[in-house]
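Novice: Sharing a sequence plus its predicted fold:
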Amino acid sequence: MLVALSIVMMAVSLLLPQTVLVMQERKNIQIRYKAFVLLKREAALYMYENGAKRPQEKVVNGNVYYTYWG
């Protein structure tokens with residue numbers, strides 16, 4: 001019984017960090033995608049409206065994105 005418990009604990013300690021890394025990577029991919037969509041939208045507005053753009057700040061799901069035009 002004690003051996004089985006120690007084997008289960010070792011398996012959990014090996015698998016848990018991998019699970020956390022996968023969850024963080026998924027979150028990073030979602031954040032990058034939201035930033036990409038926002039940038040694509042701003043670029044399309046710039047191309048078609050062709051006006052002077054000021055720096056903008058947008059909040060999407062608690063993340064703040066800044067758009068600066070040079």
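Specialist: Great, that's in hand.

Novice: Report the mean confidence score over the one helix or strand V22 maps to.
Specialist: Using DSSP states H and E, V22 falls within helix 2-49. On average, the pLDDT along helix 2-49 is 78.

Novice: tell me what the following helix or strand past it is packed against?
Specialist: Going down the chain from helix 2-49, the next helix or strand is strand 56-60, by DSSP H and E. With contacts taken as 3 or more C-beta pairs under 8 Å, 6 or more residues apart in numbering; DSSP states H and E, strand 56-60 sits against helix 2-49, strand 63-67. The C-beta positions use only the backbone N, C-alpha and C, and glycine is treated the same way.

Novice: So for strand 56-60, mean pLDDT?
Specialist: Taken as a whole, strand 56-60 carries a mean pLDDT of 81.

Novice: Now do that strand and helix 2-49, the angle between them.
Specialist: Orientation check (axes from the mean of the first three to the mean of the last three C-alpha atoms, to 10 degrees): strand 56-60 against helix 2-49 gives 140 degrees.
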